[in-house]
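K.L.:
sequence first, then the predicted structure:
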Amino acid sequence: MSLKELAEFLIKSIVFYTDSVVVEMNESDDRVIVLIAKVNEADIGRVIGKDGKVINAIRTLLQEASSLKNNQYVKFEIEKC
């Protein structure tokens, strides 16, 4: 499972509007991967969570999955679509 697929799976598990979830992956450097998740405006609060706990947990999981495979740094961002 790629990082993009993992991020998409984690976010779709949380949100109500799963059809609007789109994850884009950009490799800006050979050591940095940028994942941008676009979700429905109504679901942004669910993805961020109280005090940012949910998004921080997702970032931690993505970072650990990346370091196990390729030893790369992952930046994860959310946008509304």
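P.N.:
All right, it came through fine. Numbers count the residues shown, from 1 in each chain.

K.L.:
all strands for the chain, in order.
P.N.:
Counting by DSSP state E, the chain forms strands over residues 22-27, 32-39, 73-80, given from the N-terminal end onward.

K.L.:
out of those, which is the most enclosed?
P.N.:
Mean neighbour count (mean count of other CB atoms under 10 Å) peaks for strand 32-39 among those, with a mean of 19. Where C-beta positions appear, they are placed from N, C-alpha and C, glycine not excepted.

K.L.:
where does this protein have low pLDDT?
P.N.:
Along the chain, the parts satisfying pLDDT under 70 run over 29.

K.L.:
circling back to that earlier point, can you list the strands of the chain in CSV and add distance to residue 1?
P.N.:
Output for the strands of the chain, formatted as CSV (distance: least, CB to CB, whole Å):
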stretch, distance to residue 1
strand 22-27, 13
strand 32-39, 14
strand 73-80, 14
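
K.L.:
of all those, which lies closest to residue 52?
P.N.:
Proximity to residue 52, assessed across these by CB to CB, is greatest for strand 73-80 (10.7 Å).

K.L.:
also compute the angle for the closest one relative to strand 22-27, please.
P.N.:
150 degrees (axes from the mean of the first three to the mean of the last three CA atoms, to 10 degrees).

K.L.:
show the residue spans covered by the helices in this structure.
P.N.:
All helices of the chain, identified by DSSP state H, fall at 3-12, 44-48, 53-69.

K.L.:
would you mind measuring from the residue in the chain sticking out farthest from the centre to residue 11?
P.N.:
No residue in the chain has its C-alpha farther from the mean C-alpha position than residue 30, which lies at 18.9 Å (CA atoms, centre = their mean). Residue 30 sits 26 Å away from residue 11 when distances are taken as CB to CB, to the nearest Å.
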